Structure formats: C-alpha cells, structure tokens
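> Okay, here's the prediction I keep looking at, along with the sequence it came from:
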Amino acid sequence: MKIDPRRLLEVLAVARCGSFSSAAEALHVSQPALSQSIALLERDLGMRVLDRGRHGAKVNSSGEALLFHAEALEELLARAREEMELRAQGMQGSLTIGITPITSSGLLPEALQILLKEAPNVSVSVVEGLDTEIIRLLRTRKLDMVLSRLGVQPRHTDITEERIFSVDWSIVMGPQHPLRDRPSLRLDGLEDVLWVLPASGSAFREQLELVFNNARTGWPSRAIITNSILAIKAIVMNTDCITVISPRLVEVEVAAGRLCAVPLEDVGSLREVGLALRRSDKLSPIAARFRDILREIASRGTDATHSA
C-alpha cells in the first residue's frame, strides 16, 4: 500500500484546524478537493482516520497513529528546507542534538569543539529537556540524535541506542562539609544528612532510585528536589546538603575549591551514557562525524575520565 505524503499533511491540517473548511483555507485548496483527497486516502487505507460531525472533524484512534507519521514527515520537509537555506548561505549543514540536564557537560563541549574546528560552517543547535520529551522530539525528527543515559526509557522499536561509556557516582558537598576528607563513602552511612536530589520524571532520578535501592537505604525523605543542575550545585555549595552526581559535572567547582567530590562505594549500578538514534534513518555526514567524534573521545580516555 502506497500513501500519498500530501494526504498525510492534509490529515494533519484537519486535525490541527478542527474542520475541513479551516484546513482547506490554511492549505489554499477548496473544501471539496480536500474532502475528496482524504476520502481517497481512507479508501486506500481501508479505514476512516477522521470522524466528521456538525461541529467539525477530529482524528479517531487510527488517525492518531497516522498523525505521528504526518508530524514526522512535516518535520523532515522543514529540516530539508532549512538545510538548503543554510547551504545557500555558505553553511555546510546543520546538527540538532538533544540532551538531558545531566548530560549537558562531559563529552558534549569537547565533541562540539572538535566538530566546529573541523567544520566551522556548521549550524549546531543543542536542545535540553527531560528524557521523555527529547525522545519524542527525536522520534518526530526534530532532533538528529540524543545524548543521554541509556536503558531508562521505554523501548521504542524505531529507536536504537549506542553505548558510548559508563561512569560511576560521587558524593558532592561543600568545601566545609565534615565528610569532605573521607577517601570514600557508602550510602548506608548517610541516613542523617540532608540531600539535594532530582525530581521524578527524569532518567537521572530513575537511576538514582536504583542506586539507593541497591544500597538498601531507600529514597531519602530529607531532600530538596530540583531538576536544575545549576541549582543542585549552588545549594550544595552554600549549605550542608550533599548530592550524588558525576564528578565530571563539578570538576570546575572542585578545582576552584568550591565543591568536594568523594567516590561512592558499592553503588551496584554503573551509568550507561550514549546516543539514541532513529533506527531506519541514515545519519547526515555532519551527524555521522559528530557520532564518530564522541566515539573517539570516549575511546581515548577511561570510563571514569569521561562522564556526563
């Protein structure tokens, strides 16, 4: 069965506008022509995708499934148009990367520096969001790839993951904290401290929950909750609170003497960090080169050296 891509976009327009008349106006076609086109699509599919009524039209369950592909097609065309516009301006192309708050440091800045040195006329966009949000953007082709923690999101058959490296955890605290000089720490000895921890809904939170469960301590009840890495560092820096985080994320503050990082023992769970990519799509030359740069950086260092 072949689907005319124009008809996918027409269904998308009706879904957004809420009626055939408004969609026809937005598409600059007549309403009868639009109605006939979508009727032909439904005939080819062997099912209705729109429910019509006196108050307009809306997609049914089959239409909802079709909308996902229509939105992806719309974004693909927009990205193609943007690519051509950039090349007309002398640019070499574009790269859009999705990251989570906890992967905004680490390999990313170093990899971007190498890429832009090799290809200075590349337009790069970095989009930060929670894990579920950026995976949705990847699936609808608004992103070329996602750099994030692996194995914490529901499996999507259209997404493939590639491990880049694994990292450990550290307990991070202010420079005056009484635990700062310990060679290492265990979670089962930290029941009485005040924590700063991530909110639910992120891969960071899910993996930390696993760490606490493996230590048989349970999730701390005395905790300040925030998904802002900047806020986590600022609170820990200026209070007696502690947090669990990658030492890479605080290496600048540790070097300046504003934070201390103590290795965490027996966490029982290394963090897998890597790329999420669309399974069926071929990467653009720029995206493929960026993926290779990430691989090269990770292979040069140890897993403990490069963390996100």
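That came through, no problem.
> From R182, how far out is L194?
According to CB to CB, to the nearest Å, L194 and R182 sit 17 Å apart. (Each C-beta comes from the backbone N, C-alpha and C, glycine too.)
> Over to E128?
With distances taken as CB to CB, E128 is found 33 Å from R182.
> what are the ranges of the helices in this structure?
Taking DSSP state H, the helices of the chain run over residues 5-17, 20-27, 31-45, 61-88, 107-118, 131-139, 203-214, 229-238, 251-255, 285-300.
> can you put those in TSV and add distance to R149, mean neighbour count and mean pLDDT?
Output for those, formatted as TSV (distance: least, CB to CB, whole Å; neighbours: other CB atoms under 10 Å; pLDDT from 0 to 100):
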stretch	distance to R149	mean neighbour count	mean pLDDT
helix 5-17	32	19	93
helix 20-27	40	18	93
helix 31-45	38	15	92
helix 61-88	24	15	84
helix 107-118	13	15	90
helix 131-139	7	19	89
helix 203-214	4	19	83
helix 229-238	14	18	93
helix 251-255	19	14	89
helix 285-300	15	17	89
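> ok now do the residue most central in space within the chain, which residues does it touch?
For the chain, the residue nearest the mean C-alpha position is I134 (3.4 Å; CA atoms, centre = their mean). Residues near I134 by CB atoms under 8 Å, 6 or more residues apart in numbering: 98-100, 127-128, 143, 146, 148.
> ok, those residues vs L66, which is closest?
Relative to L66, the closest of the contacts of I134 is L143; by CB to CB it sits at 21.7 Å.
> Go ahead and confirm the closest one touches G98.
Yes. Assessed by CB atoms under 8 Å, L143 is found in contact with G98 at 4.3 Å.
> Return every residue with contacts to both of the two.
Common contacts of L143 and G98 (CB under 8 Å, 6+ apart): 127, 134, 137.
> The second one and A24, how far apart?
To tie it back to what came earlier, the one meant is I134. Using CB to CB, I134 is found at 35 Å from A24.
> now do I293
According to CB to CB, I293 and A24 sit 47 Å apart.
> Low-confidence bits of the stretch 151-300 of the chain, can you list those?
Along the stretch 151-300 of the chain, the parts satisfying pLDDT under 70 run over 152-154, 267-270.
> and the gap between T243 and A234?
Separation of T243 from A234 (CB to CB): 11 Å.
> err, K58, not the other one
Between K58 and A234 the distance is 46 Å, computed by CB to CB.
> Next: M173.
13 Å.
> ditto for Q89
Here the distance between Q89 and A234 works out to 40 Å (CB to CB).
> next one: V127
V127 is 24 Å from A234, where distance means CB to CB.
> V172 too?
Counting by CB to CB, the gap from V172 to A234 is 12 Å.
> Likewise for R258?
Using CB to CB, R258 is found at 10 Å from A234.
> Quick one: residues contacting the closest residue to P220 other than its chain neighbours.
Leaving out its chain neighbours, the residue that sits closest to P220 by CB to CB, 6 or more residues apart in numbering is W195, at 4.7 Å. Neighbour list for W195: 220, 222-224, 241-244 [criterion: CB under 8 Å, 6+ apart].
> Give me the buried subset of these.
Buried members of those, scored by 16 or more other CB atoms under 10 Å, are 220, 241-244.
> Name the nearest of those residues relative to T157.
Using CB to CB, the buried ones among the contacts of W195 come closest to T157 at V244, 32.7 Å.
> Beta-bridge partners for that closest one, please?
For V244, the beta-bridge partners are I171 (DSSP bridges).
> Start the count at 58 instead of 1 going forward.
Happy to do that; since the first residue is 58 now, the last one works out to V301.
> which ones are touching it?
The contact partners of V301, taken as CB under 8 Å, 6+ apart, are 226-229, 252, 254, 265, 268, 321.
> ok, so what distance separates R305 from T189?
24 Å.
> Could you do P277 as well?
Taking CB to CB as the measure, P277 falls 24 Å from T189.
> chain center to stretch 160-174: distance?
Put simply, stretch 160-174 sits 16 Å off its chain's centre (CA atoms, centre = their mean, to the nearest Å).
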